[in-house]
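*Asks:* Sequence and computational prediction follow.
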Amino acid sequence: MTSKPGHQQTSEIIGVLDVGTSKTVCLIVAAPAGARRRIDRAQLLGIGQQPTRGLKAGVVIELDEAEEAIREAVAQAERMSGITLERVFVAVACGRLKSATLTAERGIEDGLVSATDIDQLTDAGRNYAELHGRTLLHLNHLSYRLDGVAGARNPCGMAARVLSADMHVVTADDPPLNNLLHTIERAYISAAGLAPAPLASGLAATTEEERRLGVLCADIGAGTTTLSVFAEGQLLAVDAVLVGGNHATMDIARALSVPLSEAERIKKEYGTLEPGGADDTEVISYTRAGEEDDPLLLQVTRGHIREIVRSRMSSLFGHVAERVERLGVARYATQRAVLTGGASDLAGMSRLGAEILGRPARQSGPPHLNGLPPELCSPALSTAVGLVHVALDASAGVRAGIRDLAAIPSGYLQRVGQWLKESF
């Protein structure tokens, strides 16, 4: 990429791209080179936001429309920054994201663990995760075991006859991911790295202390709600529920027979999840679909709108609770739930989430990013800002490019959740 004079000498230029169901966001940031690559030292140079077209529930269904939205968002960020992007880090929410825990084991011939031993275990985990038509998006080491003894965080240089590595991986189905990457390439940019969208938004919306104690982050978008669970500072699981804020909009549209644009207006102005009160009897006027030429104003109470929205969001949180139980990590995320994403800003969302999820809940947006106007620092940008964090942090597990699938020796890996069993 090319940049303004001055940036290239002292900073690394990083582009990130979040293609969501309702909006596409591109950020261009300058980050200090070297060891001081932290998000609090990054400087926003350009931002582009465009309504997304051609996606449904995070999956590309119309290449031309999706390409146009990406192209416009990137061009907007480039004009603002004066920088031409060639590569971007991409947030991935499509492809049926799946978490798994793996254990790789290796004999240590000379009795001392080397960096090569650790790298080969990591490669084995990476190759195994990518079998059966799935692409690895993220790999993080949960723990190491030396001769069966758990707890080592960095075993390099330590004595052992057998080194085992417990790893967590996130994978996605190849076809929808390839369609997303193909759409991006049609906009004349390529992927410098991939990261699961729930990891990015989780890093942006939660604190280090929450991730250490155990936290569930739900990023409630327009068409999809992505989930990430952290404990002991590690990512334990991700998942996605194909329900988001747009579903409440569609419920209103169906119930009142109004266009989606009118239903969205009603939701934003009158939708609430707070318990009913005196204003439930307030009357709202609206126009039914197909009556624009000779509009007939109809009426509905505010309480009825509240019940429509509350029913949909209660169902969403019920699905979230079920997924967390199914993932087997519910007991590691009991301290708090954090809600983020563009659809998380309905009044009473945190209260309802706490009630159904059975743990304290709060709404949160991304951390401060130098140069980002305060009015834009909203939960809707959590994934994009979190992706900057992932791109800057080598330990966050971002992976560059698409690896070829490779076979590994039979029996080299076991699907066990040993770290989860031994660490809590």
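*Replies:* Thanks, I have the structure now.
*Asks:* Met250 belongs to a helix?
*Replies:* Yes. Under DSSP: H, G, I helix; E, B strand; the rest coil, Met250 sits within a helix.
*Asks:* and it, what pLDDT?
*Replies:* pLDDT, the model's per-residue confidence, is 96 for Met250.
*Asks:* so what's it up against?
*Replies:* By CB atoms under 8 Å, 6 or more residues apart in numbering, the residues touching Met250 are 260, 263. Every residue, glycine included, has its C-beta placed from N, CA and C.
*Asks:* try 7 Å
*Replies:* Shown in contact with Met250 (CB atoms under 7 Å, 6 or more residues apart in numbering): Leu260.
*Asks:* need the helices for the stretch 151-300 of the chain, in chain order.
*Replies:* With DSSP state H, counting those that start in this stretch as the criterion, the stretch 151-300 of the chain has helices at 174-186, 197-205, 208-213, 245-256, 260-270.
*Asks:* Tell me how far Glu208 lies from Tyr332.
*Replies:* Computed as CB to CB, to the nearest Å, the Glu208 to Tyr332 distance reads 16 Å.
*Asks:* cool, and Ile14?
*Replies:* Applying CB to CB, the value for Ile14 to Tyr332 is 31 Å.
*Asks:* Then Pro373?
*Replies:* Distance, Pro373 to Tyr332, by CB to CB: 37 Å.
*Asks:* Those two: which has the busier surroundings?
*Replies:* Taking neighbours as other CB atoms under 10 Å, Pro373 and Tyr332 compare with Tyr332 leading, 23 against 8.
*Asks:* Now do that one, the pLDDT please.
*Replies:* 80.
*Asks:* Nearest spatial neighbour of it, chain-adjacent residues omitted?
*Replies:* Spatial nearest neighbour of Tyr332, excluding adjacent residues (CB to CB, 6 or more residues apart in numbering): Ala231 at 4.0 Å.
*Asks:* Provide a list of residues in contact with the one you found.
*Replies:* Residues counted as contacts of Ala231 (CB under 7 Å, 6+ apart) are 214, 332-333.
*Asks:* what's the angle between the longest helix along the chain and helix 245-256?
*Replies:* Identified as the longest helix of the chain according to DSSP state H is helix 302-327. Angle of helix 302-327 versus helix 245-256, following axes from the mean of the first three to the mean of the last three CA atoms, to 10 degrees, is 140 degrees.
*Asks:* tell me what the following helix or strand past helix 302-327 is packed against?
*Replies:* Next helix or strand after helix 302-327 toward the C-terminus (DSSP states H and E): strand 336-340. If you count contacts as 3 or more CB pairs under 7 Å, 6 or more residues apart in numbering; DSSP states H and E, strand 336-340 packs onto helix 197-205, strand 215-220, helix 349-357, strand 361-363.
*Asks:* Strand 336-340 to helix 197-205, inter-axis angle?
*Replies:* Going by the same axes, to 10 degrees, strand 336-340 makes 100 degrees with helix 197-205.
*Asks:* So which residues make contact with strand 336-340?
*Replies:* By CB under 7 Å, 6+ apart, the list of residues contacting strand 336-340 from outside reads 201, 205-206, 210, 215-220, 349-350, 353-354, 357, 359-365, 379, 382.
*Asks:* List the neighbouring strands of that strand plus their orientation.
*Replies:* Sheet pairing of strand 336-340 (DSSP bridges) gives strand 215-220 (parallel), strand 361-363 (parallel).
*Asks:* Would you convert the helices and strands packed on strand 336-340 into TSV that also reports mean neighbour count and distance to Arg106?
*Replies:* Conversion of these to TSV gives the following (neighbours: other CB atoms under 10 Å; distance: least, CB to CB, whole Å):
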stretch	mean neighbour count	distance to Arg106
helix 197-205	30	27
strand 215-220	29	33
helix 349-357	20	40
strand 361-363	18	42
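*Asks:* want to throw these into JSON lines with mean pLDDT?
*Replies:* Below are the helices and strands packed on strand 336-340 laid out as JSON lines (pLDDT from 0 to 100):
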{"stretch": "helix 197-205", "mean pLDDT": "96"}
{"stretch": "strand 215-220", "mean pLDDT": "96"}
{"stretch": "helix 349-357", "mean pLDDT": "96"}
{"stretch": "strand 361-363", "mean pLDDT": "96"}
